[in-house]
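> Need the 3D shape of this:
(one chain, ligands or ions: 3)
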Amino acid sequence: MAAQQVRGVIAPGKNEPVQIRTILIPDPGPGEAVVKVQACGVCHTDLHYKQGGISDDYPFLLGHEASGVVEAVGEGVTDVEPGDFVILNWRAVCGQCRACLRGRPWYCFNTHNAQQKMTLEDGTELSPALGIGAFADKTLVAAGQCTKVDPSVSPAVAGLLGCGVMAGIGAAINTGGVGRGDSVAVIGCGGVGDAAIAGANLAGAAKIIAVDIDDRKLDKARTMGATHTVNSKETDPVEAIRDLTGGFGADVVIEAVGRPETYKQAFYARDLAGTVVLVGVPTPEMKLELPLLDVFGRGGSLKSSWYGDCLPSRDFPMLVDLHQQGRLDLAAFVTETIELDAVEQAFDRMHQGDVLRSVVVL
Ligand SMILES: NC(=O)c1ccc[n+]([C@@H]2O[C@H](COP(=O)([O-])OP(=O)(O)OC[C@H]3O[C@@H](n4cnc5c(N)ncnc54)[C@H](O)[C@@H]3O)[C@@H](O)[C@H]2O)c1
Ligand SMILES: [Zn+2]
Ligand SMILES: [Zn+2]
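Ligands and ions are numbered 1, 2, ... in the order given. Here you go, the predicted model:
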């Protein structure tokens, strides 16, 4: 069989508008799968790619928060087969690296992606966002990037677990270790921050303080489980969080913006010996300056959370099941469903704070 031609949304160059182009999808080779994409959310990381904040490997095939149905698999693939409903993940663990061998596969340093390249019609190789590239009718991935879940879930909802919602829930539960009775503050209440709020809620946090500069985001955060809200344009968030926690600060503070000033707020808004989790993604030029004595003297832990320290095979089916049981409202993250040709406008709306998630449905 020859390569298939499908539509895909590419970022052609730094800050250039995205384009819908014909892309060529090779047949799956050994260990690979072609997936017919059903839904793909618009994540802030796609915008970072477009703006050059991640790397210069243009053209990018954007989209990475997706679900779909396996269409074909290559040689040696046994975990999934054509017809399976899957969420695409960007952590297909290798089982061999130093993290995997130590029983900590969520830190895997050698995750799998497809070996073959998807290309434009003229043969230009595409860099798929996070090794996925799912603003497309079909995409080629490593079979390990396909995680089977209950097929009765809505594809638009399931896809969100493939990135932002998993990153947020995992930042709270897996990385932050939020437990029953904890006080938690979340700075930045977009899709990722709201998922951290939902995760803290699921874990039994007693107090969940949402911080944002946009009142619309704060209203939404309340519906996700925030018990208190702070508009940090009007109020000093560090003082406000301390006031709400008996003068001490929160046990866990999650930074879901990715900027030095919000990281500093998180650092000073946590209780002594508390935990800061950085899940927001900074850009290469950003620098952080903190008194080293405060880093020492305030104790506790400063952690980063890549993909919510998730293990897709463990976490995706479990979170889909909690959603299907009515215990985790993942549908609340879908602000709108859009066509493939509306990704550029969705970036604008994300930038203006109008949406939590726009989801391309195919
Ligand atoms: N670590 C990971 O694995 C991972 C995964 C997905 C996304 N991310 C990152 O998480 C971040 C958030 O992603 P998102 O999709 O939720 O983005 P988003 O644009 O939907 O949300 C960002 C939110 O931050 C708020 N904000 C902006 N500046 C602020 C400030 N100074 N103080 C307080 N709030 C502020 C905005 O109003 C908005 O509500 C991005 O940096 C994204 O790249 C990380
Ligand atoms: Zn590994
Ligand atoms: Zn993402």
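
> can we go C-alpha only for contacts and neighbour counts from here?
Will do.

> List the residues that contact residue 40.
Counting by CA atoms under 8 Å, 6 or more residues apart in numbering, residue 40 touches 63-67, 134-135, 156, 159-160, 359-361.

> Looking at it now. What's its pLDDT?
Residue 40 carries a pLDDT value of 98.

> Need the three-state assignment for it.
Put simply, residue 40 is strand when judged by DSSP: H, G, I helix; E, B strand; the rest coil.

> picking up where we left off before, ok, so of the contacts of residue 40, who is nearest ligand 2?
residue 64 (20.4 Å; CA to the ion).

> For that closest one, give me its contacts.
40-41, 43, 46, 88-90, 129-135, 162-163.

> Among the residues you listed, which ones are in strands?
Among the contacts of residue 64, DSSP state E puts 40, 41, 88 in strands.

> residue contacts, the closest residue to the second one other than its chain neighbours?
The reference is to residue 41. Nearest non-adjacent residue to residue 41, counting by CA to CA, 6 or more residues apart in numbering: residue 359, 4.0 Å away. By CA under 8 Å, 6+ apart, the contact list for residue 359 reads 39, 40, 41, 42, 156, 334, 335, 336, 337, 338.

> What confidence value was assigned to the residue nearest in space to the middle of the chain?
Geometric centre of the chain, nearest residue: residue 164, 2.3 Å, by CA atoms, centre = their mean. On pLDDT, residue 164 comes in at 95.

> and the closest residue to residue 258 other than its chain neighbours, helix, strand or coil?
Distance criterion CA to CA, 6+ apart; nearest residue to residue 258, sequence neighbours excluded, is residue 280 at 3.8 Å. Three-state call for residue 280 (three-state DSSP): coil.

> ok, back up a step: quick check: which of the contacts of residue 40 are also close to ligand 3?
On the criterion CA under 5 Å from the ion, none of the entries of the contacts of residue 40 sits beside ligand 3.

> got CSV for those residues, with secondary structure and pLDDT too?
Shown next, in CSV, are those (DSSP: H, G, I helix; E, B strand; the rest coil; pLDDT from 0 to 100):
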residue, secondary structure, pLDDT
63, coil, 98
64, coil, 98
65, strand, 97
66, strand, 98
67, strand, 98
134, coil, 98
135, coil, 98
156, helix, 97
159, helix, 97
160, helix, 97
359, strand, 98
360, strand, 98
361, strand, 98
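
> Would you convert the residues you listed into JSON lines that also reports distance to residue 125?
Shown next, in JSON lines, are these (distance: CA to CA, whole Å):
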{"residue": "63", "distance to residue 125": "16"}
{"residue": "64", "distance to residue 125": "17"}
{"residue": "65", "distance to residue 125": "21"}
{"residue": "66", "distance to residue 125": "21"}
{"residue": "67", "distance to residue 125": "23"}
{"residue": "134", "distance to residue 125": "15"}
{"residue": "135", "distance to residue 125": "16"}
{"residue": "156", "distance to residue 125": "28"}
{"residue": "159", "distance to residue 125": "25"}
{"residue": "160", "distance to residue 125": "27"}
{"residue": "359", "distance to residue 125": "26"}
{"residue": "360", "distance to residue 125": "23"}
{"residue": "361", "distance to residue 125": "25"}
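
> Does residue 262 touch residue 255 like I think?
Yes - Residue 262 lies in contact with residue 255 (CA atoms under 8 Å); the separation is 6.8 Å.

> which of these two has more neighbours?
residue 255 (33 against 20; other CA atoms under 10 Å).

> quick revisit: mind checking how far the residue nearest to residue 41 is from residue 345?
Residue 359 sits 12 Å away from residue 345, taking CA to CA, to the nearest Å as the criterion.

> what about the strands in the stretch 201-350 of the chain?
Counting by DSSP state E, counting those that start in this stretch, the stretch 201-350 of the chain has strands at residues 207-212, 228-231, 250-255, 270-278, 301-304, 336-338.
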